[in-house]
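Undergrad: Everything below, folded, please.
(chains A and B)
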Amino acid sequence: MKAAPFDYVRVESLEELFSLMGAIGDDALILAGGQSLVPAMAMRMARPRLLLDVNHIPGLSGVTLGDSALHIGALTRYHELAASPEIARHAPLIAAAVPLIAHEAIRSRGTLGGNIAHADPASEMPAVLLALDATIHAESGQGGRTIPACDFFLGTYETALAPGEIVRSVSIPRPQRAERSAIDEVVRRAGDYAMAGAAIRLVAEAGRVAEARIALFGVADRALRCAPAEEALRGAEIAALPIEEAVAALRDALEPLADLHAGAATKRHLAGVVTGRLLAGLQEEHENG
Amino acid sequence: MDSLFPLTLRLNGQQVRHEVTQRTTLAEFLRQTAGLTATHIGCEHGVCGACTVMVDGRIVRGCLMFALQAEGAEVTTLEGLAQDAAMQALQKRFHEHNALQCGFCTSGMLITARALLEDNPRPSRDQVREHLSGNYCRCTGYQAIVEATLGAAGDIEEGAA
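TA: Prediction:
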């Protein structure tokens, strides 16, 4: 339960970071919040030769509101997301997701950028970013590029980031029309990773569903949207959502990966339960204005 | 590859300077180097909450930070809260309710409970249970810990009134 030996650099700038990453390659790992990396190092599942502590690089943290999008720095910590008035107003799904993530002491340190670069398939934030149609800004010594969330998560702990590339920030489009969103999950104990969870966003037009996004987590090797269930909702009155049809479509389409604690059938069932509850909640919220 | 690095931080209100290796966790540093043994080390991978301490005013897992990450930070352990009114109210109620048996989890429980009462002086029972859910106790079954925390919240409110 003690990390293998490593070298440590408190990196002061992105230039220094990219130059060290270029020199060391895969044996260097970035230390952001450290809430997944440090336990992995303690169990020696991760054995970096060099740890690059990015916590002191200026300009990587914070939430800023642009004309068309909300920009969240990669080093923004969960407790900062939960306290941000901009997030509460323009991306309430993120604020709703934070209390589901681990425990308060973990949320003090964990960062959004670290979470998505780590890409745990049972984590909430990847699904939230899919539901919100987010884009991820990656940067390397060669420059920056943007990656849509739907192309970013490639598998368990696997992302579209190239060697030498980091997550710089995440952008969430500002809502153009009325929308409602919600997230929930089934866990064995409070704060555990989800056995199955869903993040849902419904865009409304004249009381009907113009766009539905249902993103699931904890059921596959990555967060994924469920197109048949989304299709079942499109055009429906928000006051009378076809919840049973959407849940049936989801269960038909979903081929969950079993894990240590739940088989595929259990996860399929739970994903349907969570989705049904969330849709019922969104419908009720709509009725109550 | 272990070497010694200088580390300067404020520890329980005092500016201190020590030397630590890269892979020394904050919790190990507090116990082994600074000699502050109220912080306990349980699972060493962020699950049990026994090593909970305050860094820059927020609770963190002491085993999920390397000590070098605390450079320039304000770190507070249970020792540094001995004169804190909320902590004293919690300690009194933990004692009354027998909210510990072996006591291994108690430091982490107290620091975590105090952080809750600081943010939310009148928590509901569910809020207490949720907030303490990241701290494991293998003796008490939690009931007495929850009761003690709720009792302390009442005491603090009365004291302030």
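Undergrad: what does chain B put close to chain A?
TA: Contact residues, chain B versus chain A (CB under 8 Å from any CB of the partner chain): B:1-2, B:5, B:22-23, B:25, B:43-47, B:49, B:52, B:55, B:58-61, B:63-66, B:68-69, B:71, B:112, B:115-116, B:129-131, B:133-134. For glycine as for every other residue, the C-beta is placed from the backbone atoms N, C-alpha and C.
Undergrad: Which among those count as buried?
TA: B:5, B:22-23, B:25, B:43-47, B:49, B:52, B:55, B:59-61, B:63-66, B:68-69, B:112, B:115-116, B:129-131, B:133-134 (16 or more other CB atoms under 10 Å in any protein chain shown).
Undergrad: mind checking pLDDT for whatever residue of chain A ends up closest to chain B?
TA: Nearest residue of chain A to chain B: A:His103, at 2.8 Å (CB to the nearest CB). Predicted confidence (pLDDT) for A:His103: 97.
Undergrad: Could you count how many residues lie near it?
TA: 25 (other CB atoms under 10 Å in any protein chain shown).
Undergrad: Point me to the helix or strand that includes A:Ile147.
TA: strand A:143-148 (DSSP states H and E).
Undergrad: hmm, back to that, now do the same contact list for the residue of chain A closest to chain B.
TA: If you count contacts by CB atoms under 8 Å, 6 or more residues apart in numbering or on different chains, A:His103 has them with A:190-191, B:49, B:133-134.
Undergrad: which one of these sits closest to A:His79?
TA: Taking CB to CB as the measure, A:His79 lies nearest B:Gly134 of the contacts of A:His103, at 13.6 Å.
Undergrad: hey, where'd the helices end up in the chain?
TA: Went with chain A since none was named. Counting by DSSP state H, chain A has helices at residues A:14-24, A:37-42, A:78-83, A:85-90, A:92-97, A:104-107, A:112-118, A:124-131, A:149-152, A:227-233, A:243-253, A:264-287.
Undergrad: let's do chain B instead
TA: Using DSSP H, helices in chain B cover B:26-28, B:85-96, B:106-119, B:125-131, B:143-160.
Undergrad: Now for A:Gln31: which residues touch it?
TA: One correction, residue A:31 is Leu, not Gln. A:Leu31 neighbours (CB under 8 Å, 6+ apart): A:37-38, A:51-55, B:66, B:69.
Undergrad: what domains does the record give for the chain?
TA: Here I'm looking at chain A. Taking automatic domain parsing as the criterion, chain A consists of the domains A:7-53, A:63-173, A:179-287.
Undergrad: hm, I was asking about chain B
TA: Split by automatic domain parsing, chain B gives B:4-80, B:83-160.
Undergrad: and the end-to-end length of the first one?
TA: Translated: domain B:4-80. 26 Å (CA to CA, to the nearest Å).
Undergrad: how about stretch B:150-157: buried residues?
TA: Buried residues in stretch B:150-157 (16+ other CB under 10 Å): B:150-153, B:155-156.
Undergrad: Equivalent analysis for stretch A:242-253, please.
TA: Neighbour-count burial for stretch A:242-253 [16+ other CB under 10 Å]: A:242-243, A:246-251.
Undergrad: Can you tell me the closest non-neighbouring residue to the residue nearest in space to the middle of chain B?
TA: In chain B, the residue lying closest to the centroid (CA atoms, centre = their mean) is B:Ile111, at 3.4 Å. Of all residues not flanking B:Ile111 in the chain, B:Thr52 sits nearest, at 4.9 Å (CB to CB, 6 or more residues apart in numbering or on different chains).
Undergrad: so where is chain B shaky, pLDDT-wise?
TA: Counting by pLDDT under 70, the ranges of chain B that qualify are B:161.
Undergrad: Can you add distance to B:Val16 and give the helices of chain B back as JSON lines?
TA: Listed next are those as JSON lines, based on distance: least, CB to CB, whole Å:
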{"stretch": "helix B:26-28", "distance to B:Val16": "13"}
{"stretch": "helix B:85-96", "distance to B:Val16": "21"}
{"stretch": "helix B:106-119", "distance to B:Val16": "19"}
{"stretch": "helix B:125-131", "distance to B:Val16": "30"}
{"stretch": "helix B:143-160", "distance to B:Val16": "30"}
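Undergrad: Pick the most deeply packed of those.
TA: Of these, the one with the most neighbours on average (mean count of other CB atoms under 10 Å in any protein chain shown) is helix B:26-28, at a mean of 25.
Undergrad: if we look at it, which residues are touching it?
TA: Contacts for helix B:26-28 (CB under 8 Å, 6+ apart): B:39, B:41, B:44, B:51, B:53, B:55, B:60-63, B:65-67, B:69-70, B:75.
Undergrad: what's around B:Leu100, how many residues?
TA: There are 19 residues near B:Leu100, going by other CB under 10 Å.
Undergrad: Leaving out sequence neighbours, find the closest residue to it.
TA: B:Leu100 sits nearest to B:Thr106 (CB to CB, 6+ apart), 4.6 Å away.
Undergrad: One more: A:Ala227?
TA: Nearest to A:Ala227 is A:Ala253, by CB to CB, 6+ apart, at 7.4 Å.
Undergrad: Provide a list of residues in contact with the residue of chain B found nearest chain A.
TA: The nearest approach of chain B to chain A comes at B:Gly134, 2.8 Å away (CB to the nearest CB). B:Gly134 makes contact with A:102-106, A:190-191, B:49, B:112 under the criterion CB under 8 Å, 6+ apart.
Undergrad: Closest one to A:Gly276 out of those residues, please.
TA: The closest of the contacts of B:Gly134, once distances to A:Gly276 are taken by CB to CB, is A:Ala190, at 21.8 Å.
Undergrad: was I right about the closest one contacting B:Ser133?
TA: Yes - contact criterion CB atoms under 8 Å: A:Ala190 and B:Ser133 qualify, at 3.8 Å.
Undergrad: buried ones in stretch A:258-276?
TA: Result for stretch A:258-276 [16+ other CB under 10 Å]: buried residues A:259, A:262, A:266-276.
Undergrad: So which of those residues sits lowest on pLDDT?
TA: Confidence-wise, A:Asp259 trails the rest of these, at 90.
Undergrad: Who does A:Gly144 form a beta bridge with?
TA: A:Glu139 (DSSP bridges).
Undergrad: what about it, neighbour count?
TA: By other CB under 10 Å, neighbour count at A:Gly144 equals 11.
Undergrad: who touches it in this structure?
TA: A:Gly144 touches A:137-138, A:168, counting by CB under 8 Å, 6+ apart.
Undergrad: now the residues you listed: which count as buried?
TA: Buried among the contacts of A:Gly144 (16+ other CB under 10 Å): A:137-138, A:168.
Undergrad: Mind putting those residues into JSON lines with pLDDT and distance to A:His90?
TA: Formatted as JSON lines, the buried ones among the contacts of A:Gly144 follow (pLDDT from 0 to 100; distance: CB to CB, whole Å):
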{"residue": "A:His137", "pLDDT": "98", "distance to A:His90": "17"}
{"residue": "A:Ala138", "pLDDT": "98", "distance to A:His90": "23"}
{"residue": "A:Arg168", "pLDDT": "98", "distance to A:His90": "20"}
